[in-house]
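Engineer: curious how this folds, go ahead:
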Amino acid sequence: MAQLVYETTAPDFADRALKAMRKHDILCYRVGQGYSNRAWQFATPGSALSENQIYIYVERDADYAAPSRILIELGAVVDKPIPRWVFVALVALAALVSIWLAVELNK
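Structural biologist: Numbering: from 1, shown residues only. A predicted model of the protein is given here:
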């Protein structure tokens, strides 16, 4: 079954990515057209400035890891997880606000 490996609105990047993957004998394809300056010709009124996503898929599950490395080498945007300290800070802040509200309401 095909696996989604990347989404982009840049047709040039998608084409480079597919070319690089095929060079490594990875069966892949894309769905979608991406952003185009000519979008206004085909869009419905009010949606001319919207972006159209391009989805890049690989055919074989075994090929899933290699495309990720290729995409990163080509400059793909990588989602970074939110650091744990941010969650701890938010919980601490929420606790402090709760304590402050409790004190203020009991005056």
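Engineer: can you pull out the strands in the protein?
Structural biologist: With strands called from DSSP state E, the chain shows them at 3-8, 28-31, 54-58.
Engineer: just for the chain, where's the confidence low?
Structural biologist: For the chain, residues meeting the criterion pLDDT under 70 lie at 35-51.
Engineer: returning to that earlier point: so of the strands of the chain, which one's packed in deepest?
Structural biologist: Most buried of those by mean neighbour count (mean count of other CB atoms under 10 Å) is strand 54-58; its value is a mean of 20. Heads up, the C-betas are built off the backbone N, CA and C, glycines and all.
Engineer: what is that strand packed up against?
Structural biologist: Here strand 54-58 touches strand 3-8, helix 11-23, strand 28-31, helix 65-74, going by 3 or more CB pairs under 8 Å, 6 or more residues apart in numbering; DSSP states H and E.
Engineer: which residues are in contact with the third one?
Structural biologist: So that's strand 28-31. The contact list for strand 28-31 (CB atoms under 8 Å, 6 or more residues apart in numbering) reads 2, 5, 14, 18, 21-22, 54-59, 63, 67.
Engineer: could you do the second one as well?
Structural biologist: Residues outside helix 11-23 that contact it (CB under 8 Å, 6+ apart): 6, 8, 28-30, 33-36, 54, 56, 58, 66-67, 70-71, 73-76.
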